[in-house]
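Participant: Predicted model, plus sequence, below.
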Amino acid sequence: MKIGLSLEVTRVLRNTWHSAINHEWYEFLEGHEICPLVCYGSYDVQDYDLIILCGGNDMPDIKTWRDNNYPKRDEFERKLIKDCIKHHIPLAGICRGSHFINYVLGGTHRLMETPYDNVVVDLEPFSVVCHHTITIDKLAPNCKATLVDNKGVIEMYQHKNLPITGIGWHPERNVNKHTRDFVFNLIKKDKVC
């Protein structure tokens, strides 16, 4: 499977902007071709079996303590989402990617009163370690929550008609590697939609 991975953009290093990939993605997606997608490139989603929007960066309309909104990434990922829908290419969002897909499809989000920072969240059928500053407030039309924690935070949703999955936690991180098979099997199932 050829997977396009839209990267986080960060300015932590030397206070200049960098596209970055957590190397745990390579372990999570081992056996598949991973193609990092940077927001200054031009890509044809039809060249990929799956597009993943990874975490990082603030949402366009919310500034967090990170203060790291990057409008070029927002514009780039908006186009990726629209192209995936147009060509029926499976699309997954992880953390910020999940929120951004929901936002582009017409949903809303908000800052959390008490952010999750290394918080263990019990879901059925497993627990995950979460890091959230924002949460989905209202799901986009035709999306349904499939995993919600005991505080009402949507940790996973799926589109009812399209191969789109939003995942709130980070399955690529080793602390959540026990969820990788579950997530990847779910995404692969969407591939046949």
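Facilitator: Yep, that arrived. Numbers count the residues shown, from 1 in each chain.
Participant: In this protein, where is pLDDT below threshold?
Facilitator: 13, 189-193 (pLDDT under 70).
Participant: quick one, longest strand in it?
Facilitator: Assignment by DSSP state E gives strand 108-122 as the longest strand of the chain.
Participant: Now do the buried residues in the helix or strand following that one.
Facilitator: For strand 108-122, the following helix or strand on the C-terminal side (DSSP states H and E) is strand 127-138. The neighbour-count check on strand 127-138 (16 or more other C-beta atoms under 10 Å) flags 128, 129, 130, 132, 133, 134, 135, 136 as buried. C-betas here are computed from N, CA, C, even on glycine.
Participant: quick one: which of those is nearest residue 118?
Facilitator: Taking C-beta to C-beta as the measure, residue 118 lies nearest residue 129 of those, at 6.0 Å.
Participant: Strands of the chain, residue ranges please.
Facilitator: Under the criterion DSSP E, the chain contains strands at 2-6, 8-10, 18-20, 33-37, 50-53, 91-94, 108-122, 127-138, 143-148, 154-159, 164-167.
Participant: Kindly export the longest helix that the chain contains (C-alpha atoms) in CSV.
Facilitator: Criterion DSSP state H: the longest helix present in the chain is helix 71-87. The C-alpha coordinates for helix 71-87 follow below in CSV (Å, rounded to 0.1, in the frame of the first residue of the first chain):
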residue,chain,number,x,y,z
PRO,A,71,-2.0,28.7,7.1
LYS,A,72,-0.1,27.1,4.2
ARG,A,73,-0.6,23.6,5.8
ASP,A,74,-4.3,24.4,6.3
GLU,A,75,-4.7,25.4,2.6
PHE,A,76,-2.7,22.3,1.4
GLU,A,77,-4.7,19.8,3.6
ARG,A,78,-8.0,21.4,2.6
LYS,A,79,-7.1,20.6,-1.0
LEU,A,80,-6.0,17.0,-0.1
ILE,A,81,-9.3,16.4,1.7
LYS,A,82,-11.4,17.7,-1.2
ASP,A,83,-9.3,15.6,-3.7
CYS,A,84,-9.7,12.5,-1.6
ILE,A,85,-13.4,12.9,-1.5
LYS,A,86,-13.6,13.6,-5.2
HIS,A,87,-11.6,10.5,-6.1
